[in-house]
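*Asks:* sharing a model prediction with you, sequence too.
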Amino acid sequence: MARGAIIAVAIAASSLGGVRAAAAGSRCTAVAHVSGAPVLVGPVLALLRERGVPVEGASSCGAISAVVASEEEHVRVTIIDGDGRIVERLVDDVEGAATAVESWARGDLTDPLLAAREAPARPAMDHEAPNTIEVEDGSSAPLTGHGLEVGALVEMALSDDGALWSGVHAQVCVQLGPICAGTLLRYAVDTENGGLAEDMLSHRQAIDVLATAELPIRLDRGRFAVAPGLALGLGALRAQRTETCDECTDEAVGLLMRGQIAGSARLGRAWYARLDLAFGWAPFAEDKIGETDMDPNDEPFLAGQPTRVYAAGLGLVYGGL
């Protein structure tokens with residue numbers, strides 16, 4: 001009897017160990033491809049990496065796609081799993097979005113041991129009917145689109161030659177991992193209220209075209225962000241005499257570098273107010289331009305391109321295109 005009891009216990013223990021091993025082995029994590037609003041994608045990816053969920057490359061467990069978007073004071077998460085099933089969740093913040101994506105990537109919804117706990121998760125958040133999403137039959141490939149940010153700002157600037165400038169600039173960037181890379185187009189006019197241009201009776205206009213890279217740092221669950229950035233490109237300046245004369249116009253083009261720090265605050269959905277503080281440096285700029293061979297009859301020099309410019313800009317940015 002004793003020997004039979006021992007054998008029965010051994011068999012039961014072995015069976016239980018096999019069940020546990022099978023359960024552990026079944027916990028396979030799929031790759032989570034996340035896209036959507038840049039202000040949300042970065043924090044969600046960071047949280048998934050911290051929790052051990054792969055966000056790039058390939059996995060034997062397949063892949064899921066998730067799109068995150070701002071919706072009033074919440075975050076809407078749309079998930080498409082490897083079998084083409086679609087589910088939407090409306091959560092409070094980026095942490096809730098990361099949790100929703102993680103639960104699908106880890107296969108918790110198909111694990112019978114967790115089904116009872118998964119059903120009541122965040123019941124208050126699913127208070128709206130899911131939006132209809134069309135997916136091609138037989139296609140379970142991850143979404144590869146990147147979120148875009150488009151902004152327009154008015155700007156005031158002070159140059160090292162004492163001139164005050166006013167202008168505007170437009171910018172666009174695409175989220176590439178933690179970096180938002182794009183372009184900036186700036187137009188500014190010397191107000192001629194002081195500085196070299198006023199002294200030399202010159203009217204100046206500047207156009208800058210720059211490639212930009214920013215590193216957004218999210219604060220307060222994505223409601224605010226601080227983004228240090230760098231830019232490199234060309235600055236073109238056109239100067240002309242404010243009075244009528246011959247050969248009173250000249251142009252200059254040179255290398256331009258720009259460093260800046262931007263702060264943004266969410267106004268609702270995908271709209272943000274943005275404040276830029278920037279420093280521009282043109283290392284090869286000439287402060288005086290014009291055609292002259294020292295002939296007494298030549299026209300005087302025109303005001304040239306400033307070497308250093310300090311600027312502040314304020315405007316709106318739309319994210320998540």
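*Replies:* Happy to help now that I have it.
*Asks:* all contacts plus neighbour counts: C-alpha atoms, from now on.
*Replies:* Will do.
*Asks:* could you list the low-pLDDT ranges of the stretch 151-300 of the chain?
*Replies:* Along the stretch 151-300 of the chain, the model assigns pLDDT under 70 to residues 242-247, 291-299.
*Asks:* which parts of it are helices?
*Replies:* 196-199 (DSSP state H, counting those that start in this stretch).
*Asks:* the longest strand that the chain contains pairs with which strands?
*Replies:* Secondary structure of the chain per DSSP state E: the longest strand is strand 249-268. Using DSSP bridges, the strands paired with strand 249-268 are strand 224-241 (antiparallel), strand 271-281 (antiparallel).
*Asks:* residue 176: which of those strands is closest?
*Replies:* When the strands paired with strand 249-268 are compared by C-alpha to C-alpha, strand 224-241 sits nearest residue 176, at 14.2 Å.
*Asks:* doesn't residue 97 belong to a helix?
*Replies:* Yes - counting by DSSP: H, G, I helix; E, B strand; the rest coil, residue 97 is part of a helix.
*Asks:* neighbours of it, how many?
*Replies:* By the criterion of other C-alpha atoms under 10 Å, residue 97 has 28 neighbours.
*Asks:* just checking, it touches residue 91?
*Replies:* Yes - counting by C-alpha atoms under 8 Å, residue 97 does reach residue 91; the two are 6.2 Å apart.
*Asks:* need the overlap of contacts for those two.
*Replies:* Jointly contacting residue 97 and residue 91 under the rule C-alpha atoms under 8 Å, 6 or more residues apart in numbering are 75-77.
*Asks:* could you list which of those belong to strands?
*Replies:* Those of the shared contacts of residue 97 and residue 91 mapping onto strands are 75-77, per DSSP E.
*Asks:* quick one: which of those is nearest residue 59?
*Replies:* residue 77 (22.0 Å).
*Asks:* can you name the residues bridging to the closest one?
*Replies:* Note on residue 77: beta-bridge partners by DSSP bridges are residue 68, residue 89.
*Asks:* tell me the spacing between it and residue 280.
*Replies:* Going from residue 77 to residue 280 by C-alpha to C-alpha, to the nearest Å gives 40 Å.
*Asks:* do the same with residue 288
*Replies:* Applying C-alpha to C-alpha to residue 288 and residue 280 gives a distance of 18 Å.
*Asks:* can you check residue 169 too?
*Replies:* 14 Å.
*Asks:* so residue 312, which state does it fall into?
*Replies:* Three-state call for residue 312 (three-state DSSP): strand.
*Asks:* pretty sure it contacts residue 155?
*Replies:* Yes - between residue 312 and residue 155 a contact is recorded at 5.6 Å, counting by C-alpha under 8 Å.
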